[in-house]
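Q: with the input below, show me the fold.
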Amino acid sequence: MSYNIEKKSIPGYMMYVNGGLAGMMGTCIVQPLDLVKTRMQLSASTGEFKSSLDCILKTLKKEGILAFYNGLSAGLMRQATYTTARMGFYQMENEAYRKQFNGAPTVFASMGMGILAGAFGAMFGNPAEVALIRMMSDNRLPPEERRNYKNVGHAFARIVKDEGVAALWRGCMPTVGRAMIVNMVQLASYSQLKNAFSQYFSGLSLHISAAMMSGLLTTIASMPLDMAKTRIQQQKSGEYKGTMDVLMKVSKNEGIPALWKGFTPYLCRIGPHTVFAFIFLEQLTKAYKRFVLGDNSESTI
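A: Numbering: from 1, shown residues only. As a prediction, the model looks like this:
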């Protein structure tokens, strides 16, 4: 069967819808790990938490189990903006490449498409990213310094009122930089690993194995920029001037390993999220092709 039968093509808007839904479904599962990762990064200089397990136990004792879902509304909004944009854009790039060159993208083509998709998504997702970081870290601040956002809508309104519209894009450059690296590694490696593993696995096992390896590579590559983004978006006093300033100060004052502070929860968060997001995306795409287009072929993500 020829790949480029026009009537079998998934509409562009459905690529965005499926990408956003997949990310939101994954977030509902891994939100507690994202909260632990964020608190570990923000407490690196104070030594508040000795380990990820210590963070989990202290949060559970002081705030209760529901605290692990602080910021969930912002997390879902982030997926509805950032992941919808990046996943949809990447799928459209991928399909356009296959139609143009009649074959799977090369490694460098996949990396380039991932970079563009990441930058595109990050610009849309930054406001939700700012709200998410603040909502997840609010309970660890002294009562008089807490922002007490009720939900992501309230967070947006308060930020605009108190700090101006531009504050919604605070930390945008490190967010875009991180997203470019994350998507270059995550999306490109997933596509390439899936092709490489296809001779050994198929179906769900293929998707899981490719996504797990992709999650590990993405964690290693993106953690320093993620840590810089988190600190810039959380700061109040203008302590940091930009991404490089964060990286230099953290390396000097806390040591180079601090750039990967929270590695375990970050891996535990991005690994499963990568797995779940890609599995959900594969299944949503497959379902649309089967039940709407009448096409039972495998996904080409």
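
Q: which stretches of the chain have low pLDDT?
A: Within the chain, the segments meeting pLDDT under 70 span 1-8, 44-45, 236, 297-301.

Q: redo that, cut-off 50
A: Along the chain, segments meeting pLDDT under 50 span 1-6.

Q: residue 104 against residue 98, yeah?
A: Yes. If you go by Cβ atoms under 8 Å, residue 104 and residue 98 touch, sitting 6.8 Å apart. From N, CA and C alone the C-beta is placed, and that goes for glycine too.

Q: can you pull out the helices in this protein?
A: In the chain, the helices defined using DSSP state H lie at 12-42, 52-63, 72-78, 84-101, 107-137, 152-163, 172-197, 203-234, 243-254, 263-291.

Q: need these in TSV with mean neighbour count, can you?
A: Formatted as TSV, those follow (neighbours: other Cβ atoms under 10 Å):
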stretch	mean neighbour count
helix 12-42	22
helix 52-63	15
helix 72-78	23
helix 84-101	20
helix 107-137	23
helix 152-163	16
helix 172-197	23
helix 203-234	21
helix 243-254	16
helix 263-291	20
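
Q: for residue 146, which of those is the nearest?
A: Using Cβ to Cβ as the measure, helix 107-137 is the one of the helices of the chain that comes nearest residue 146, at 9.7 Å.

Q: against which helices or strands is that closest one packed?
A: The contact analysis (3 or more Cβ pairs under 8 Å, 6 or more residues apart in numbering; DSSP states H and E) places helix 107-137 against helix 12-42, helix 72-78, helix 84-101, helix 152-163, helix 172-197, helix 203-234.

Q: and residue 242, backbone torsions?
A: phi 180, psi -170 (degrees, to the nearest 10).

Q: tell me the spacing between it and residue 38.
A: Separation of residue 242 from residue 38 (Cβ to Cβ, to the nearest Å) stands at 20 Å.

Q: ok, the spatially closest residue to residue 167 that is not a sequence neighbour - contacts?
A: Nearest in space to residue 167, with sequence neighbours left out and distances taken as Cβ to Cβ, 6 or more residues apart in numbering, is residue 159 at 5.1 Å. Residues in contact with residue 159, defined by Cβ atoms under 8 Å, 6 or more residues apart in numbering, are 127, 130-131, 167-168.
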